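S.K.: Sequence plus the predicted model coming up.
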Amino acid sequence: KKILILNGPNLNLLGMRQPEVYGSTTLAEIEDQCRAHAKQLGVEVECKQSNHEGELIDWIHETRQSRTAIVLNAGAYTHTSIAIMDAIASVERPVIELHLSNIHQREEFRHTSYISKVAKGMICGLGAHGYTLAMDAALRILEEED
Ligand code: DQA
């Protein structure tokens, strides 16, 4: 069993980028938290970030026919990317959609998510803590597959 933590565009700048919206925790700190949490859960974890839509799609494809669940913060691609939505549908692996901010309290264009149409569930508005919550959910889903 494995959990892939996938972060999309601009999330490499976490901590520095609009901290009033996204918090002051850096991506490196979040990834450290995820690795520590994975150790506690006894599950394998891999953390990746890309600013490129195609690279995120390639990484999603790699989970095909594996026992991997994905925690995905697709950043702004959430609201635009039919290609990422299709990639998720194609691999038939569970995805937990994640957002640090509560996208429903923000601009209208952030209220729609292509990822939600294919994700198992979604966590938003809980900041960096959302990642470990999403990992708990992901592991539960993987265990149910057995
Ligand atoms: C985000 C919300 C998106 O609307 C935004 O484009 C991001 C981050 C979040 O984590 O709150 O880049 O996914």
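M.R.: Yep, it's here.
S.K.: What's the first helix or strand after the lowest-mean-pLDDT helix or strand in the chain?
M.R.: For the chain, scoring each helix and strand by mean pLDDT, DSSP states H and E identifies helix 19-22 as the least confident one, at a mean of 92. Later in the chain than helix 19-22, the nearest helix or strand by DSSP states H and E is helix 27-41.
S.K.: does that following helix come close to the ligand?
M.R.: No: for helix 27-41, no contact with the ligand is found by CB under 6 Å from any ligand atom; the gap never falls below 10.7 Å. Bear in mind the C-beta positions are built from the backbone N, C-alpha and C, glycine included.
S.K.: Show me which positions of the lengthiest helix in the chain end up buried.
M.R.: With residue count as the measure and DSSP state H as the assignment, the chain has helix 129-145 as its longest helix. For helix 129-145, the buried set under the neighbour-count rule, 16 or more other CB atoms under 10 Å, comprises 130-132, 134-135, 137-139, 141-142.
S.K.: Now find how far off-centre the least confident helix or strand of the chain is within its chain.
M.R.: When distances are taken as CA atoms, centre = their mean, to the nearest Å, helix 19-22 is centred 18 Å away from the chain's centroid.
S.K.: who touches it?
M.R.: The contact list for helix 19-22 (CB atoms under 8 Å, 6 or more residues apart in numbering) reads 14, 100-101, 127.
S.K.: hmm, which two among those are most spread apart?
M.R.: Of all pairs drawn from those, the greatest distance, 11.4 Å, lies between Leu14 and Ser101 (CB to CB).
S.K.: what angle do the longest helix of the chain and helix 27-41 make?
M.R.: Orientation of helix 129-145 against helix 27-41 (axes from the mean of the first three to the mean of the last three CA atoms, to 10 degrees) gives an angle of 40 degrees.
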